[in-house]
Structures are given as structure tokens and as C-alpha cells.
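Participant: give me the fold of what follows.
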Amino acid sequence: MQCGPFRTGMKPKPSLHLAAALGAGLLAGVGHALVELAIDCRAPSSEACFWGKELFLFTLGVSVPVIGGAVAALVYAGLAWHRRRQSRNDAD
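Facilitator: Down below sits the predicted model:
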């Protein structure tokens with residue numbers, strides 16, 4: 001017997017998978033921009049840190065759609081593959 005929201009016979013909706021994928025993509029995109037800034041600002045008075053701070057919004061605007069979109073697509077594809085695999089195992 002399983003407990004929780006995924007009891008026997010209940011499957012998560014595809015919209016939950018989409019929300020999880022979009023959340024992972026957003027986290028990856030914002031995380032990339034913040035990690036890049038943290039690496040640039042190891043020496044706070046460096047020119048790289050100055051330009052990193054000045055161009056942070058641009059970096060964020062590029063990394064969220066590009067990196068976040070790629071991560072979201074991969075996570076959604078992985079969740080869809082897992083859902084199909086579970087439905088095949090349930091049918092057996």
C-alpha cells in the first residue's frame with residue numbers, strides 16, 4: 001500500500017510535470033547567472049566583477065530563456081519518459 005498523493009491508480013497530471021520542468025528551468029537559469037557573478041566577484045574590486053554587476057540583468061535575461069529552456073525541455077522529456085514507462089509497467 002502506498003501513501004501520499006501517488007497512491008495506487010493515481011497518476012500525476014501532465015500539468016504538474018510542466019510546472020516541475022518550468023521550475024527547474026527557472027532555477028537553472030537564475031542559478032547560472034548568480035554563479036557566474038559569484039565567480040567574477042571573487043575579487044570585488046576587479047573589472048570582471050564591475051562588468052558582471054553592470055550586465056547582471058542582461059545575463060539573467062539571456063541565461064533564463066537559453067539555459068532554463070534547455071533544462072526545462074530535458075526535465076519535461078525525462079518526466080514524460082518516466083510516465084510512459086510506468087504506464088507500460090502498470091499494464092503488464
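Participant: return the distance of the lengthiest helix in the chain from the chain's centre.
Facilitator: For the chain, the helix with the greatest residue count under DSSP state H is helix 14-40. Distance of helix 14-40 from its chain centroid, counting by CA atoms, centre = their mean, to the nearest Å, is 4 Å.
Participant: where does the protein have its least confident helix or strand?
Facilitator: Lowest mean confidence among the helices and strands of the chain (mean pLDDT, DSSP states H and E): helix 69-91, at a mean of 86.
Participant: show me what the longest helix of the chain packs onto, helices and strands only.
Facilitator: helix 47-54, helix 56-63, helix 69-91 (3 or more CB pairs under 8 Å, 6 or more residues apart in numbering; DSSP states H and E). For glycine as for every other residue, the C-beta is placed from the backbone atoms N, C-alpha and C.
Participant: which elements pack onto the longest one?
Facilitator: Read that as helix 69-91. Judged by 3+ CB pairs under 8 Å, 6+ apart, helix 69-91 is in contact with helix 14-40.
Participant: and the longest helix of the chain, average pLDDT?
Facilitator: For helix 14-40, the mean per-residue pLDDT is 93.
Participant: okay, buried residues for that helix please.
Facilitator: 17, 21, 22, 24, 25, 28, 29, 32, 33, 36, 37, 40 (16 or more other CB atoms under 10 Å).
Participant: spit out the contact partners of the third one.
Facilitator: Okay, so that is residue 22. Contact analysis of residue 22 by CB atoms under 8 Å, 6 or more residues apart in numbering lists residue 72.
Participant: that one and residue 29, how far apart?
Facilitator: To residue 29, residue 22 is 11 Å away according to CB to CB, to the nearest Å.
Participant: I'd like to know which of the helices and strands packed on helix 14-40 lies nearest to residue 13.
Facilitator: Nearest of these to residue 13, taken as CB to CB: helix 69-91 at 10.1 Å.
Participant: show me what counts as buried in the closest one.
Facilitator: Those would be 71, 72, 75, 76, 79, for helix 69-91 by 16+ other CB under 10 Å.
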